[in-house]
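>>> Build me a model from this:
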Amino acid sequence: MPKNYAFIGLFGSGKTEVAINWALKLREEHEKVAIIDGDIISPYFRTRDVAEKLEELGLVTVYPKGALRNADLPIITGAAIGYLVNEEYKTVIDVGGEENGVVVLGYLKPYLGDAEICMVVNIARPFSSTVDGIIKAYEILRSVARIKVDYLINNANLSYETTPELIHRGEEILSKVSEIIEVPVKFTVVPDFVNADNFKFPVFRIRRFIEMEKF
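Now for the predicted structure:
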């Protein structure tokens with residue numbers, strides 16, 4: 001099992017929800033788990049927005065504290081490196097969207113060590129609804145960050161309007177992408193309110209933490 005995990009993807013892919021739920025899954029088996037808010041681009045839908053709730057659930061949250069918490073500045077706190085190299089911690093990084101956000105991963109690359117990098121894909125979002133669009137995004141993100149993507153994650157969703165049919169369509173499209181770029185699909189994300197489990201890939205059920213009505 002890797003020590004560190006990083007989740008990348010385009011805006012709206014659902015990286016933050018997947019990263020949070022993955023960190024909580026790790027917390028079920030490991031005493032010390034940290035989640036790094038590595039989003040230096042978007043001021044919305046960030047891990048830090050639900051930091052207190054995650055800390056109550058046993059996670060260590062890593063983001064600029066105090067007056068810099070809500071600053072619209074490209075800041076990665078030095079503590080992030082500390083947790084990445086600390087062998088006592090499993091660490092999850094929620095990386096910002098697009099090529100401008102994924103540069104964070106390139107910056108942290110010397111400290112990633114034994115890391116698993118996953119690209120989260122939501123086919124319900126612009127620029128990632130087709131095989132060609134997803135492959136283009138994959139090539140851009142991995143080249144900018146200078147990293148190898150280990151897995152794809154199917155996170156086809158329309159928030160609380162997500163249906164089994166949409167999730168199945170995501171699996172179909174991501175299967176074709178996986179075959180072309182030779183990167184396996186790790187799992188299909190299924191929200192806890194969707195009552196279906198007949199999916200092609202292993203199911204990873206998630207609870208939503210980011211409340212969209214707040215933004």
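>>> ok, Glu55 - contacts?
If you count contacts by Cβ atoms under 8 Å, 6 or more residues apart in numbering, Glu55 has them with Thr61. In short, each C-beta sits where N, CA and C put it, glycine included.
>>> Could you measure from it over to Gly96?
Distance, Glu55 to Gly96, using Cβ to Cβ, to the nearest Å: 22 Å.
>>> what's Ala145 in contact with, if anything?
Counting by Cβ under 8 Å, 6+ apart, Ala145 has contacts 8, 102-103, 105-106, 109.
>>> and which of the residues you listed is nearest to Glu88?
Using Cβ to Cβ, Lys109 comes nearest to Glu88 of those, at 21.5 Å.
>>> any idea which helix or strand comes after the helix or strand where the closest one lies?
For Lys109, the host element (DSSP states H and E) is helix 98-112. Downstream of helix 98-112, the next assigned helix or strand under DSSP H and E is strand 115-121.
>>> Can you name the residues in contact with that next one?
If you take Cβ under 8 Å, 6+ apart as the criterion, strand 115-121 is touched by 2-10, 13-15, 18, 105, 128, 134, 137-138, 141, 147-156, 170, 174, 177, 183, 186.
>>> Residues touching the helix holding Lys109, excluding its own?
Contact with helix 98-112 is made by 4, 6, 8, 10-11, 38-42, 76, 80-81, 84-85, 93, 95-96, 117, 140-141, 144-147, as judged by Cβ under 8 Å, 6+ apart.
>>> could you flag which of those are buried?
Using 16 or more other Cβ atoms under 10 Å as the burial test, those include 4, 6, 8, 10-11, 38-42, 76, 80-81, 84, 93, 95-96, 117, 141, 144-145, 147 as buried.
>>> ChimeraX command to pick out the buried ones of the contacts of Ala145?
The command below creates a ChimeraX selection of those among the contacts of Ala145 that count as buried (16+ other Cβ under 10 Å):
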select :8,102,103,105
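>>> Just give me the closest of the contacts of Ala145 to Asp197.
Once Cβ to Cβ is applied, the member of the contacts of Ala145 that ends up nearest Asp197 is Ile8, at 26.8 Å.
>>> so can I have a markdown table of the contacts of Ala145 showing distance to Ala51 and pLDDT?
Formatted as a markdown table, those follow (distance: Cβ to Cβ, whole Å; pLDDT from 0 to 100):
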| residue | distance to Ala51 | pLDDT |
| --- | --- | --- |
| Ile8 | 21 | 92 |
| Val102 | 22 | 79 |
| Val103 | 23 | 79 |
| Leu105 | 21 | 83 |
| Gly106 | 25 | 81 |
| Lys109 | 25 | 89 |
